[in-house]
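Asks: Sequence first, then the predicted structure, then my questions.
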Amino acid sequence: MKNILALFILFVSVSVTHAQQSFFEALEANGENAVYEGFGGGRSRPAIKVSIQRTAGGIPVGFTGEPVTEDWGSIGQTELSDYGRMDHYPLPMNMKHTYTNDGYVVIDNMIFVVDNIPNEGLPTFENVTAIYLLKKEAQDNQDGTKKGKKKKGGLLSKMKNKLGNAGQNSVQKYVKSVNIEQIFADYVTAMKAKQDAYTLTPKDKMDMTAIKAARDAGDEEIKKYNDSIRKTPEYKKLKEHQARMARMESNNIVTLKNNTGRTIYVGTSGSRNRGTKINAGDTARWDCSTDGYLQSETVSGGSYNYSSTNRRVYSSNAGCGSTVSIN
């Protein structure tokens, strides 16, 4: 009985600690160059690859989230800019633009885009405008297979004007399977208490001085760090691996070219989520093993709705590694 109790206490302790990871601790735990899928503004957002920005001394000072395939949808913030700031060092809960007060909170496998983060007080879930979910968790929930207790009147009802309710992608399915509002509230409350209880060490003060120096140095500091990383054997192996993966991926991707003279959307069969947007004359990457269908776009109550039609513009495995025109 004593051993069981000890294990239970250990489990609770580990769980609470994990839930109170700081901004960069959570990003690091999810992995460098991790891919996240997003939803906000009534539609899916492009998948992003997240990288942590560091000073030449290795201190994390910011992050970037760049779209994997699209040409829009990047996110990010950095201490090395004029207005980007963490709310605490070394235990940041959020990063925001100090002029607009818009920023980000990272909780375990999720990145929250949050408006109006106050200088005093806590960020609120009502101001969340988008959520990005680590791709592994998003895939686990793509078919609604991950179980969890759903909260009535939760995310989609309270935030329909911000996150929207046009169909359900994997991110929506995930956040509906957990008590997302409670997770957010518990995290910011616990992190604020952790920050308030923390006493700066001499090393923390040295790091803060180094961050300010890096900010003053600007791009040269970032270049110095990136150059030092590129010289390592690990980086060279990584680039070789990425090159191999790119060659493999080129055989699984088809490029769709829009020759219709107007903006179009291409989705999978029967999809009611917004598909891949292709402006007139532009191109977009598409999974060559998947049929692509032209989508219709309608507006209802201020929201844009998308639905795949019966017009197939690409047949699976018909153009892998090549360009297919849509006329």
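Replies: Done, it's in.
Asks: in what helix or strand does the nearest residue to residue 59 once chain neighbours are set aside lie?
Replies: Distances taken as Cβ to Cβ, 6 or more residues apart in numbering place residue 207 nearest to residue 59, at 5.4 Å, with adjacent residues excluded. To be clear about C-beta, it is placed using only N, CA and C from the backbone, and glycine gets the same treatment. Using DSSP states H and E, residue 207 sits in helix 202-217.
Asks: quick one: contacts of stretch 316-327?
Replies: With contact meaning Cβ atoms under 8 Å, 6 or more residues apart in numbering, stretch 316-327 is reached by 250-260, 264, 266, 278, 283, 288-291, 294, 313-314.
Asks: list the contacts for the spatially most central residue of the chain?
Replies: Nearest to the geometric centre of the chain sits residue 132, at 3.7 Å (Cα atoms, centre = their mean). For residue 132, the contacting residues are 36, 37, 38, 45, 48, 65, 75, 110, 111, 112, 113, 171, by Cβ under 8 Å, 6+ apart.
Asks: between these, which is closest to residue 300?
Replies: residue 45 (20.5 Å; Cβ to Cβ).
Asks: Next SSE downstream of the strand or helix carrying the closest one?
Replies: Here residue 45, judged by DSSP H and E, is contained in strand 43-54. Sequence-wise, the next helix or strand downstream of strand 43-54 (DSSP H and E) is strand 60-67.
Asks: Just give the strands next to that next one in its sheet, each with its orientation.
Replies: As defined by DSSP bridges, the strand partners of strand 60-67 come to strand 43-54 (antiparallel), strand 75-78 (antiparallel).
Asks: List the buried residues in the longest one.
Replies: What it means is strand 43-54. 43, 44, 45, 46, 47, 48, 50, 51, 52, 53, 54 (16 or more other Cβ atoms under 10 Å).
Asks: Let me know the secondary structure of residue 131.
Replies: Taking DSSP: H, G, I helix; E, B strand; the rest coil as the rule, one finds residue 131 in the strand state.
Asks: check contacts around it.
Replies: Neighbours of residue 131 in contact, by Cβ under 8 Å, 6+ apart: 38, 39, 40, 110, 111, 112, 113, 163, 171, 175, 180.
Asks: So in terms of bridging, what pairs with it?
Replies: Beta-bridge partners, per DSSP bridges, of residue 131: residue 39, residue 112.
Asks: now it: how far from residue 297?
Replies: 24 Å (Cβ to Cβ, to the nearest Å).
Asks: one step back: mind giving me JSON lines with the strands paired with strand 60-67 and columns for mean pLDDT?
Replies: Shown next, in JSON lines, are these (pLDDT from 0 to 100):
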{"stretch": "strand 43-54", "mean pLDDT": "92"}
{"stretch": "strand 75-78", "mean pLDDT": "94"}
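Asks: how far away is the residue nearest to residue 59 from residue 89?
Replies: 7 Å.
Asks: Residue 204 too?
Replies: Taking Cβ to Cβ, one finds residue 204 at 6 Å from residue 89.
Asks: So these two - more neighbours on which side?
Replies: Legend: neighbour count by other Cβ atoms under 10 Å for residue 204 and residue 89, higher for residue 89 (19 against 14).
Asks: Report pLDDT for the closest residue to that one other than its chain neighbours.
Replies: In this structure, residue 89 finds its nearest non-sequential neighbour in residue 208, 5.5 Å apart by Cβ to Cβ, 6+ apart. Here the pLDDT value assigned to residue 208 is 96.
Asks: In this model residue 86 seems to touch residue 208, though I could be wrong.
Replies: No: here residue 208 does not reach residue 86: they are 10.0 Å apart, not a contact under Cβ atoms under 8 Å.
Asks: Name the residue in those two with the higher neighbour count.
Replies: residue 86 (23 against 15).
Asks: so who does the nearest residue to the more buried one once chain neighbours are set aside touch?
Replies: Computed as Cβ to Cβ, 6+ apart, the closest residue to residue 86 that is not its neighbour in sequence is residue 92, at 3.7 Å. By Cβ under 8 Å, 6+ apart, the residues touching residue 92 are 22, 23, 24, 86.
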